[in-house]
Every structure is written in structure tokens, then in C-alpha cells.
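**Q** Provided below are the primary sequence and the corresponding predicted coordinates.
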Amino acid sequence: MLLDAYVLFYYSFLKSEDQHTYKEVVDQILSGRGVHKEGQIKLKAIQERIAAKKMTQDGKKVRRESLKRF
């Protein structure tokens with residue numbers, strides 16, 4: 001489902017305390033999709049790279065709107 005992809009993507013941009021809140025949701029998505037440990041490790045590395053990047057103003061606006069829907 002595309003919603004799962006959005007959750008996993010935008011999870012990268014959450015503050016660490018918010019990530020802690022939504023970690024269970026992410027874990028449920030990964031287990032529900034049958035993602036193995038190796039895949040989870042790779043996904044975490046990707047999320048860390050995404051989190052390190054700065055978002056454009058447009059990207060921030062899209063993120064805010066998307067997070068409101070969740």
C-alpha cells in the first residue's frame with residue numbers, strides 16, 4: 001500500500017521523540033510486509049541518510065500536509 005511507503009518515508013523526518021512514538025507503527029508495517037532483518041537494516045540506513053538531508057520549503061509544506069492526514 002502506498003500509505004505504508006509514505007509512513008516509512010516521513011518517519012525519517014520526525015524528531016527522535018516522535019520516532020519513538022511511531023516506532024511500533026513502523027515495526028507493524030515491516031512485519032506485515034514480511035521484511036527480514038537484513039532489509040530492515042538497509043531501510044534504517046536509508047532513513048538515516050534521508051533524515052540528514054535538509055528539506056526544501058516545498059518539501060516541508062508537503063510533509064506537514066501529509067502528517068496531518070496520518
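**A** Now that the structure is in, tell me what you want to look at.

**Q** Helices along the chain, start to end?
**A** 2-11, 16-32, 37-52, 57-69 (DSSP state H).

**Q** Buried deepest among those, which one?
**A** Comparing those by mean neighbour count (mean count of other CB atoms under 10 Å), helix 2-11 comes out on top with a mean of 14. No exception for glycine: its C-beta is placed from N, CA and C like everyone else's.

**Q** Return the distance of that helix from the chain's centre.
**A** Distance of helix 2-11 from the chain centroid (CA atoms, centre = their mean, to the nearest Å) equals 5 Å.

**Q** what do you get for stretch 11-23?
**A** For stretch 11-23, the distance to the chain centre is 8 Å (CA atoms, centre = their mean).

**Q** and what of stretch 49-69?
**A** 11 Å.

**Q** what mean pLDDT would you report for that stretch?
**A** Across stretch 49-69, pLDDT averages out at 78.

**Q** Can I get that stretch in PDB, CA atoms only?
**A** The C-alpha coordinates for stretch 49-69 follow below in PDB (Å, rounded to 0.1, in the frame of the first residue of the first chain):
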ATOM      1  CA  ARG A  49      20.500   9.400   5.000                       C
ATOM      2  CA  ILE A  50      17.100  11.000   4.400                       C
ATOM      3  CA  ALA A  51      17.000  12.400   7.900                       C
ATOM      4  CA  ALA A  52      20.400  14.000   7.400                       C
ATOM      5  CA  LYS A  53      19.300  15.900   4.300                       C
ATOM      6  CA  LYS A  54      17.700  19.300   4.500                       C
ATOM      7  CA  MET A  55      14.200  19.600   3.100                       C
ATOM      8  CA  THR A  56      13.200  22.500   0.800                       C
ATOM      9  CA  GLN A  57      10.300  24.800   1.800                       C
ATOM     10  CA  ASP A  58       8.000  22.900  -0.600                       C
ATOM     11  CA  GLY A  59       9.100  19.600   0.900                       C
ATOM     12  CA  LYS A  60       8.400  20.900   4.400                       C
ATOM     13  CA  LYS A  61       4.900  22.000   3.300                       C
ATOM     14  CA  VAL A  62       4.100  18.600   1.700                       C
ATOM     15  CA  ARG A  63       5.400  16.900   4.800                       C
ATOM     16  CA  ARG A  64       3.200  19.000   7.100                       C
ATOM     17  CA  GLU A  65       0.100  18.300   5.000                       C
ATOM     18  CA  SER A  66       0.900  14.600   4.800                       C
ATOM     19  CA  LEU A  67       1.500  14.300   8.500                       C
ATOM     20  CA  LYS A  68      -1.900  16.000   9.200                       C
ATOM     21  CA  ARG A  69      -3.600  13.200   7.200                       C
END
